[in-house]
Structure formats: C-alpha cells, structure tokens
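Engineer: have a look at this prediction, sequence included:
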Amino acid sequence: MEELCGAMAGRAKALVGADASLALVGPLGELLWSSMNDDEGSFVSNVVRKLSGVLGRGDYYVGGLGERKVVVVKATDRVCLALAASAKEGVILFALRLLINAFSNELVELDAKLAEEAVKTELEVYPIEVFDPSSGKEVKVVPADAVPYVPEDVGPKAVRLDGRSIALMRATDGKTIADMARELGMDVREACEVVAELIEGRVLKARVVEEFKSDYDAVFVPKVRIESTELMAREDLRPFEKFILMNLVRGLTVLELSWGLRGLGFDVKPDEVLSLLKEMEEAGLVEKSS
C-alpha cells in the first residue's frame, strides 16, 4: 500500500500544489494511509465515519480547515479518497477524480482486501453512549485499550476538571487508558468515562489499533422484544451478552458495541461481537439492518 499511496500523493502534489496532503480512508473512518497532519486526518476520519454509509461511488464532500480546502470522494464501496490543499475546491475535486481513474484497478483490489480480511489500522476514538446493565445507567465510554493524546490545536477550553481528569491528563504519555488507570489506582471503567468526557470537551483525543473488517460496520437490530428485567434475570446469558442485547436498539455498529464493552471492562473484540450476533441471527433473535 505504501508504494501505491506514495505514487498517488506525488501525483496529487503535481496536480494541485506542493502543499497537498492525501489520505485513503476506510468505511469506519480509519486512516488506511495518510500524509495529512493530525487535524486534517481527524477531520476526514470524522467525515467518512458519519457519511460513508450515505455517500455513493463518486459522491463527494467539501469542507475547510482554515485557508485549506478538504475534499473527500467515495472511490469504491469501502474506500474514500481525501485531499487537502490551499487550491480551489474545483481543482481539488478534479485532481481526485483523475487519481481515482488512474489508480482504479489498485483501489478495487484494496476494496476487495478490506472485504475479505482484517486490516490492522489505527482509528480515532469517539465516546460511545451505552446502557450499562450492572449499574442500570446510561454512560459514555471509550475502549480501555485506546491511547489518549493531547491534540496539537488544544487551547483554553471551558471544561470543568476534577482530580481524576487532571491525574489522567498528566499520565497521558503513550499508555493505554487501562494502563493509566492501573498506574493511578483508578477503576478502568471510571477512567474510560473520564477520558470520554475529556474527548467530548476537546481536551484530549484518543486512538486505538484495530484488526478491521468491513463487517464491523454492520448494524444488527432485535427481531423480538425482550424486556430488560427478563434479560437481567436470564442465567444462561453472560454479562456481555446481556449488554449486547440491551444496546442493540441504539443502532450501534459491531465495532461500537465492542468499544462500549471494552469501556466497561470487558475484553471483547469486534470479531467476538460479530460471531455472537451471527449466532443470535441464526437463532432468530436479531437481524442485520439494511
């Protein structure tokens, strides 16, 4: 991929200017390859995460970061191409279409690879709101294996910080949230909630490495209604299975369900969530949302 993306980035600079930066983005907003800075990468990641399921092939989005324009084009079913530059948006869009035509075979091959196998990639984390069966409350969490960092553009923020927040921010030096919590003697679940608050307050950001498959973007919905009290009383269901069934109504993807579980202290990866949901689908309990 490095050779392909390097060639595309070089062609982009020749078309729109030496300040051009390029990114290939997967369906969940994961940066498959990028020459963008942190702000640009985070921006296109969020755009693709929100719009990938809506955009069709060839559709595009135009945004701006300061004096630079950012254009995102859906190149294949699973891959978006993003280009940032100080050129006019029409020039950037024209350049992207030329790149997609020139490297169409390579992009199709990459799309097929994403469909068939897990691709190790780094994702920008965002808080997931879930119902926690153990406490009976709604909480916002991020996965415990995410690595928080202070963004480059951080400045004065109107955010209320307590002792826990300050301690976690001071401990932010490339460690996972779980490692930071153990170092500080803090409950991992609590630390995940605090980091989620700091991300929402734009004080911190966080990344996590995932073995990504396109199926992790799938959303499953319940086929039969099961009351929460009945679910909690079921002794044949493990705690994380109860969590999944009680949170399906939220429209969360397979990956987001895994993030929610990992934010509550369960070490359940997306492939385990997907396997369980497929078993539930065969049993007639859930179905994949169209």
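Structural biologist: Cool, the structure landed.

Engineer: so Glu256 versus Asp217, what's the distance?
Structural biologist: Glu256 is 9 Å from Asp217, where distance means C-beta to C-beta, to the nearest Å. Backbone N, C-alpha and C define where each C-beta goes, glycine included.

Engineer: the two: who's more crowded?
Structural biologist: Neighbours per residue, other C-beta atoms under 10 Å: of Glu256 and Asp217, the larger number sits with Glu256, 23 against 20.

Engineer: element containing that one?
Structural biologist: Element membership of Glu256 [criterion: DSSP states H and E] is helix 254-263.

Engineer: got the CA positions of that helix in PDB?
Structural biologist: Extracted C-alpha coordinates of helix 254-263, given in PDB (Å, rounded to 0.1, in the frame of the first residue of the first chain):
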ATOM      1  CA  VAL A 254     -20.300  -4.100  15.700                       C
ATOM      2  CA  LEU A 255     -17.200  -2.100  16.300                       C
ATOM      3  CA  GLU A 256     -19.100   0.400  18.500                       C
ATOM      4  CA  LEU A 257     -20.600  -2.400  20.600                       C
ATOM      5  CA  SER A 258     -17.100  -3.700  21.100                       C
ATOM      6  CA  TRP A 259     -15.900  -0.200  22.200                       C
ATOM      7  CA  GLY A 260     -18.700   0.000  24.600                       C
ATOM      8  CA  LEU A 261     -17.900  -3.400  26.100                       C
ATOM      9  CA  ARG A 262     -14.200  -2.600  26.400                       C
ATOM     10  CA  GLY A 263     -15.100   0.700  28.000                       C
END
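
Engineer: which element follows that helix toward the C-terminus?
Structural biologist: helix 270-282.

Engineer: for that following helix, buried residues please.
Structural biologist: Buried positions in helix 270-282, judged by neighbour count with 16 or more other C-beta atoms under 10 Å: Pro270, Val273, Leu274, Leu276, Leu277, Met280.

Engineer: with stretch 47-65 instead?
Structural biologist: Those would be Val47, Val48, Arg49, Leu51, Ser52, Leu55, Tyr60, Tyr61, Gly63, Leu65, for stretch 47-65 by 16+ other C-beta under 10 Å.

Engineer: for the first one, give me its contacts.
Structural biologist: Contact analysis of Val47 by C-beta atoms under 8 Å, 6 or more residues apart in numbering lists Gly29, Tyr61, Gly63, Val70, Val72, Ala82.

Engineer: what does Val125 give?
Structural biologist: Contacts of Val125 by C-beta under 8 Å, 6+ apart are Val142, Pro143, Ala146, Ile199, Lys205, Ala206, Arg207, Val208, Trp259.

Engineer: and the furthest pair within those?
Structural biologist: Using C-beta to C-beta, the contacts of Val125 span at most 14.7 Å, a distance reached by Lys205 and Trp259.

Engineer: who has more neighbours, those two?
Structural biologist: Shown here are Lys205 and Trp259; by other C-beta under 10 Å, Trp259 has more neighbours (30 against 22).

Engineer: re the thing from before, can you list the buried residues of stretch 47-65 in TSV and add pLDDT, distance to Phe103 and secondary structure?
Structural biologist: Formatted as TSV, the buried residues of stretch 47-65 follow (pLDDT from 0 to 100; distance: C-beta to C-beta, whole Å; DSSP: H, G, I helix; E, B strand; the rest coil):
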residue	pLDDT	distance to Phe103	secondary structure
Val47	93	21	helix
Val48	91	18	helix
Arg49	83	23	helix
Leu51	86	22	helix
Ser52	75	19	coil
Leu55	87	19	coil
Tyr60	96	17	strand
Tyr61	96	20	strand
Gly63	95	23	strand
Leu65	92	25	strand
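
Engineer: can you add distance to Asp132 and give those residues back as a markdown table?
Structural biologist: Shown next, in a markdown table, are these (distance: C-beta to C-beta, whole Å):
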| residue | distance to Asp132 |
| --- | --- |
| Val47 | 30 |
| Val48 | 29 |
| Arg49 | 24 |
| Leu51 | 29 |
| Ser52 | 28 |
| Leu55 | 33 |
| Tyr60 | 39 |
| Tyr61 | 35 |
| Gly63 | 35 |
| Leu65 | 36 |
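
Engineer: alright, I will stop here.
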